[in-house]
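K.L.:
A predicted structure for the sequence below; I have some questions about it.
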There are 2 protein chains.
Amino acid sequence: MATIRDVARAAGVSIATVSRVFNGSPRVGEQTANRVWNAATDLDYWPNSAARSLTTSRTQALGVLLPDLHGEFFSEVIRGIDLAARQAKLQVLISSSHANSDEMVAAARAMHGRVDGLIVLASEEATADAVDRISRSTPLVLLNPCRKFAECNIVSLANFAGAQAAVAHLLDLGHRDIAIIKGPTGNIDADERLQGYRQALTMVGITPFPAYEMQGDFTELSGHRVAEELRRLTPRPTAVFTTNDCMAIGLLSGLHGLGITVPNDLAVVGFDDITMARYLSPPLTTVHVDTFELGQSAVRLLLSRLWSSDPASCSQETLPATLVVRSSCGSGRSSS
Amino acid sequence: MATIRDVARAAGVSIATVSRVFNGSPRVGEQTANRVWNAATDLDYWPNSAARSLTTSRTQALGVLLPDLHGEFFSEVIRGIDLAARQAKLQVLISSSHANSDEMVAAARAMHGRVDGLIVLASEEATADAVDRISRSTPLVLLNPCRKFAECNIVSLANFAGAQAAVAHLLDLGHRDIAIIKGPTGNIDADERLQGYRQALTMVGITPFPAYEMQGDFTELSGHRVAEELRRLTPRPTAVFTTNDCMAIGLLSGLHGLGITVPNDLAVVGFDDITMARYLSPPLTTVHVDTFELGQSAVRLLLSRLWSSDPASCSQETLPATLVVRSSCGSGRSSS
DNA sequence: TTGTAAGCGTTATCAA
DNA sequence: TTGATAACGCTTACAA
């Protein structure tokens, strides 16, 4: 690949002039600029980003650190980040599947000199410590962090409120025996949604019943497995809140196999509102969250952090979680 | 952030020695190495990747260029790439949502100096031209390219064979009137799957019937819409091949609303075998492809291309597409 | 408006 | 085994 020197030589100018042309400096004659463009095109020249970052100490890139995520959440967050980054002329470096703090810190270090800041999804308690270590050397935006780090920019989802709304909906429909399928232990989303569930029950005077809190792990398979357990519960619940849609899908499938009809025998409400929620049978009532927006917001926040003169400035943003009523909860209990 | 000079000063050595320590050079005394490690740890030092790439002219990073993709395909490919890259100690730069060649070329240029090679998913005819332009300056691996570029490393999916197998399955079950929901025009996957469908019919002496080739765009919504069209077809098809699972989901939902039961009134076979295919009702018979492996293979191919002494060397790999029989096609037509 | 030259943080080539 | 020092390709004062 040609360098700036090749272009300078070909255009009969100094390398400084070539640099000016490529950086859109106004202090360059039109004729000269044209000669430079032509030479650059001929030589198929483009500035070397590494060299550029070195002199400017700005990389025009951001890094993303993620745990081992699957499915729509993962893809939509990345899409959101990628799109917002592109609009801001930033590049995106990704490193996912981090199971513990050491891996995350190693990934962050490896990005040193390559990124101006980092977006970190550390929802698992196991990766919390990484945030402390990384934040000492790099501007950070946290996505849905497992703990609230005081001096960080944070974008979160309204998990608690969303879960409360989901359960309140079931209560409104006349249900009293409401079970929940929990997410993985140590995951902040899982935990907040569980708390929202308990709170909604408590508010109407129902004491959360431990046997109704069934363990899942956010996968379809775990939802499928729980169907069997569910029918053995006494008193048998009339409704169940699955803390994400994937588990709802598995559950629906399991219930179908068991001959339990939804919503007549059992009402089901999910969380996330993934694309296909509306195409399930019955269409799933669930809590909508905008994962794409989550990614976009993170980039915006990082940008404002990078531009701000005050590096200690920090803001926290929470994205709404709103109930979307479809058919999986029916229209109320016929018999009380 | 501390630089190599700070560490050298703190450890009382030259910068060359610090560099040697961080690059695992054997030619350095144990005592010295320890002093350097300690100083580095104290100062929280880590080598600047941009500077490193500049001197070595190797970046230890690869770029990924993608069109506007959603859902599981997107996330699994990236996961595959990310994992394989991490094993090879490579970083991953992502740029997605490219709708045309100019955008792709711009993204590739912006990565100049940041990546050693590129993985490009250019399945759309609209982005084909970008491949030609980019390949002149950067080592490339193509994922499922819309045209077969002779001098490129390519990993593809066995779309044709997979589609043939899906339709052959329907034929085996006694179906003769088999419709198809096509993917977006100009998309290679869509096209190859359509060709496989036609071929399977032709092979048993059935002439493909144009009215049976319904337009979809790989989204759930398009599958949903087609349900209505489908029932108005004469002769009414007894089976339908949807060229991806998302459309099958939409279709299933639409058929359910119309009171058409699967597989009794209509057999449905999909393509992709996304995670939730098995949890649909009925569980979807579909063609399994390993998207995660697609990403991994691409990285491996790029690596071998980068290491190979012969830059013109190129290999093409095709990943299998195998039928997974579940319940959405039933067990054969009761009445012929 | 253009050119010269210093410097960004490394690695790599020599010497010592 | 270590240390000077010249690149690497670029941006940016400062001069002209």
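P.N.:
Sure thing, it's come through.
K.L.:
Where does pLDDT dip in the stretch 201-336 of chain A?
P.N.:
Within the stretch 201-336 of chain A, the ranges that satisfy pLDDT under 70 run A:311, A:332-336.
K.L.:
Helices along that one, start to end?
P.N.:
A:220-232, A:245-258, A:291-307 (DSSP state H, counting those that start in this stretch).
K.L.:
Strands along the stretch 101-250 of chain A, start to end?
P.N.:
For the stretch 101-250 of chain A, the strands defined by DSSP state E, counting those that start in this stretch cover A:117-121, A:140-143, A:153-157, A:178-182, A:213-215, A:239-242.
K.L.:
Redo those strands as a markdown table? Include distance to DNA strand D and mean neighbour count.
P.N.:
Glycine gets a C-beta too; all of them are placed from N, C-alpha and C. Converted to a markdown table, the strands of the stretch 101-250 of chain A look like this (distance: least, CB to the nearest atom of the strand, whole Å; neighbours: other CB atoms under 10 Å in any protein chain shown):
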| stretch | distance to DNA strand D | mean neighbour count |
| --- | --- | --- |
| strand A:117-121 | 19 | 26 |
| strand A:140-143 | 25 | 26 |
| strand A:153-157 | 26 | 23 |
| strand A:178-182 | 52 | 26 |
| strand A:213-215 | 54 | 16 |
| strand A:239-242 | 52 | 30 |
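K.L.:
Take the ones you listed and lay them out in a markdown table including distance to residue A:39.
P.N.:
What follows is these, written out as a markdown table (distance: least, CB to CB, whole Å):
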| stretch | distance to residue A:39 |
| --- | --- |
| strand A:117-121 | 35 |
| strand A:140-143 | 41 |
| strand A:153-157 | 43 |
| strand A:178-182 | 64 |
| strand A:213-215 | 66 |
| strand A:239-242 | 62 |
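K.L.:
mind checking how far the residue nearest to residue A:42 when sequence neighbours are not counted is from chain B?
P.N.:
Nearest residue to residue A:42, sequence neighbours excluded (CB to CB, 6 or more residues apart in numbering or on different chains): residue A:10, at 6.8 Å. Note on residue A:10: its distance to chain B, by CB to the nearest CB, to the nearest Å, is 17 Å.
K.L.:
Name the SS class of residue A:10, please.
P.N.:
Here residue A:10 is recorded as helix under DSSP: H, G, I helix; E, B strand; the rest coil.
K.L.:
if I pick it, what's in contact with it?
P.N.:
Residue A:10 sits next to A:39, A:42-43 when contact means CB atoms under 8 Å, 6 or more residues apart in numbering or on different chains.
K.L.:
Please give me every residue in contact with residue A:52.
P.N.:
Residue A:52 touches residue B:113, counting by CB under 8 Å, 6+ apart.
K.L.:
Which secondary structure element is home to it?
P.N.:
helix A:49-56 (DSSP states H and E).
K.L.:
Name the residues of that helix that are buried.
P.N.:
A:49-54 (16 or more other CB atoms under 10 Å in any protein chain shown).
K.L.:
Quickly check those for the two that are furthest apart.
P.N.:
Using CB to CB, the buried residues of helix A:49-56 span at most 9.6 Å, a distance reached by A:49 and A:54.
K.L.:
Now list whatever residues contact both of these two.
P.N.:
residue B:50.
K.L.:
ok so, going back, so for the helix holding residue A:52, what's the average pLDDT?
P.N.:
Throughout helix A:49-56, pLDDT has a mean value of 98.
K.L.:
again, but for stretch A:117-134
P.N.:
pLDDT averaged over stretch A:117-134 gives 92.
K.L.:
Check stretch A:67-77 too.
P.N.:
93.
K.L.:
Write out the residues of the stretch 101-250 of chain A neighbouring DNA strand C.
P.N.:
Residues of the stretch 101-250 of chain A that fall close to DNA strand C, judged by CB under 7 Å from any atom of the strand: residue A:113.
K.L.:
Nearest to DNA strand C: which residue in the stretch 101-250 of chain A?
P.N.:
The nearest approach of the stretch 101-250 of chain A to DNA strand C comes at residue A:113, 6.8 Å away (CB to the nearest atom of the strand).
K.L.:
burial count for residue A:273?
P.N.:
Residue A:273 is flanked by 24 other residues according to other CB atoms under 10 Å in any protein chain shown.
K.L.:
Verify the contact between it and residue A:292 for me.
P.N.:
No. Counting by CB atoms under 8 Å, residue A:273 sits too far from residue A:292 to count as a contact (11.8 Å).
K.L.:
Now do the contacts for the residue nearest the centre of chain A.
P.N.:
Centrality entry for chain A: nearest residue to the mean C-alpha point is residue A:77, 4.5 Å, by CA atoms, centre = their mean. Taking CB under 8 Å, 6+ apart, we find residue A:77 in contact with A:66, A:121, A:143, A:291-292, A:294-295.
K.L.:
now for the residues you listed, which pair is the farthest apart?
P.N.:
Farthest pair in the contacts of residue A:77 (CB to CB) is A:66 and A:292. Separation: 15.3 Å.
K.L.:
Could you check which of these two has the larger neighbour count?
P.N.:
Per other CB under 10 Å, whichever of residue A:66 and residue A:292 has more neighbours is residue A:66, with 25 against 19.
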